[in-house]
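Asker: Got a sequence here, can you model it:
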Amino acid sequence: MAGSVLLLHGNRQTHDIFKSRIGALVKKLRKMNLEVSSSSPHTEGPIIYDILDGDDVETRGWWDKNEHFGGIDGVIERLSSNEASVEPSSSPSSSPCSSYVGIVGFSQGARLVTLLAARPDFADIFPNVRWVIAASGYHDDCWPKGSGFGPVPKEKSIPVPSLHVIGKSDKLVSPSSSMSASSLFIDPTIHLHEGGHHVPMRSADLKVYVSFIETAMAGGGEEGEQQQQLPNPPKPKKRTAAPTTKPPGPPSPEDLEEQMDEIEALTSIYEPSEFVLLTSPTEFPQKFRVFAFPWCSQGVWLEFLLPPGYPSSSSPGVSLRHSLNLLQFRSCHEGAVLKVAREAVERGEGMCCCMGGEEGGEARRSEATEPKTCGTERARAR
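Answerer: Down below sits the predicted model:
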């Protein structure tokens, strides 16, 4: 194993929620022979929030704002525990966190990344970390006074290679605060995106993340005195290539004709801004998105995938695509929308299945509380 990556979730999130939100990056990391941390008492924030409005998951935080970082030493001890490591070291004298080669933090987790990296004993706690990614991170004058933190770091004083992901439209953490946090690092890499308070997972964004990680693992960039003390990256083990699977072929002529008719019908029903065909007519399986809730300005889409056997012998796959955070679109609402949309698809005999799924999803979401940043205008009549 080449190493592990520690995920630090945001406030009112959990490790697994954050991990699912950056699922595309997790897949890229695994292809790079990097394992990702798992949910445990040591990778979940110690602050537990009450379950809100039917959510079935207790959300967490790394510290409460009223504690003024009073519990941050406990967080460090929590992360330094043996059980925090994905692959505990066989050497009892080595650091429990020695398997980690990178850290990815979001929002409050990104702030924690900066707090950790600024500690004089960071290299002792995480001796093999070669890079950090801070998404929607922030910096303020409230610096922990606990043992081991030292004074507020000066600009360009943290030697760890860092990538700072900053949303130009972030309403929860201002871009200027994120830039201020990045200025504490010696040679920060900045990735600006047009979105808000989330980690973008588009193809172009993933290329930035992968390029940064590959460069850092190879020892690229300026080498300050402290950076030279970082160990060389472990050599990856030889891996046997997995057997290749044959991509799905095109549907039968009858199914293909019905699929094309359905796509043509959806194209005529929806405005161009409400329907996006993601594949060409000769690509299979066919994939497209429908703008689910017109009253939501930030964009919540139902994505449909038509398998080769649709509609004669199989149903379309249905998923949700959006950039809302957990406070704007709660997991219980997201699950309810998907459940009703999928049930509507299964019941869609004799009609446009995907249209039925979209109508079912929109109807269920209109019953739930609207995301805070969305408009209050109700869904238009189709």
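Asker: what about residue 249, how many residues close to it?
Answerer: Residues near residue 249, counting by other Cβ atoms under 10 Å, number 8. Backbone N, C-alpha and C define where each C-beta goes, glycine included.
Asker: does the closest residue in space to it that isn't next to it in sequence count as helix, strand or coil?
Answerer: Computed as Cβ to Cβ, 6 or more residues apart in numbering, the closest residue to residue 249 that is not its neighbour in sequence is residue 308, at 6.2 Å. Three-state call for residue 308 (DSSP: H, G, I helix; E, B strand; the rest coil): coil.
Asker: again, but for residue 262
Answerer: Applying three-state DSSP: residue 262 is helix.
Asker: Next, count neighbours for it.
Answerer: 22.
Asker: how close does it sit to residue 24?
Answerer: Distance from residue 262 to residue 24, counting by Cβ to Cβ, to the nearest Å: 28 Å.
Asker: do the same with residue 216
Answerer: For residue 216 relative to residue 24 (Cβ to Cβ), the value is 19 Å.
Asker: When the two are compared, which one has more neighbours?
Answerer: The residue with more neighbours, out of residue 216 and residue 24, is residue 216; 25 against 15, by other Cβ under 10 Å.
Asker: quick one: contacts for that one?
Answerer: Residue 216 is in contact with 102, 130, 131, 161, counting by Cβ atoms under 8 Å, 6 or more residues apart in numbering.
Asker: Try it again at 6 Å.
Answerer: Neighbouring residues of residue 216 by Cβ atoms under 6 Å, 6 or more residues apart in numbering: 130, 131, 161.
Asker: Using TSV, lay out the residues you listed together with pLDDT and secondary structure.
Answerer: Output for those, formatted as TSV (pLDDT from 0 to 100; DSSP: H, G, I helix; E, B strand; the rest coil):
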residue	pLDDT	secondary structure
130	95	coil
131	97	strand
161	96	coil
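Asker: tell me which of those is nearest to residue 291?
Answerer: For the contacts of residue 216, the closest approach to residue 291 (Cβ to Cβ) belongs to residue 131, at 37.0 Å.
Asker: low-scoring stretches of this protein, by residue?
Answerer: 1, 53-55, 65-74, 80-96, 141-151, 220-248, 294-298, 326-327, 347-382 (pLDDT under 70).
Asker: Could you pull out the strands in it for me?
Answerer: According to DSSP state E, the chain carries its strands in the segments 4-8, 35-36, 47-48, 60-61, 100-106, 131-135, 162-167, 188-193, 275-277, 286-291, 300-306, 317-322.
Asker: buried sites along the last one?
Answerer: Looking back up the chat, that one is strand 317-322. Neighbour-count burial for strand 317-322, counted by 16 or more other Cβ atoms under 10 Å, picks out 318, 320, 322.
Asker: Kindly state the beta-bridge partners for the second one.
Answerer: Put plainly, it is residue 320. On the basis of DSSP bridges, residue 320 is bridged to residue 302.
Asker: Quickly list the domain ranges of the chain.
Answerer: In terms of domains, the chain is parsed into 4-229, 253-367 (source: automatic domain parsing).
Asker: Just give me the neighbour total for residue 304.
Answerer: Neighbours around residue 304, by other Cβ under 10 Å: 27.
Asker: you'd agree it is up against residue 316?
Answerer: Yes: if you go by Cβ atoms under 6 Å, residue 304 and residue 316 touch, sitting 4.9 Å apart.
Asker: I appreciate the help and will end here.
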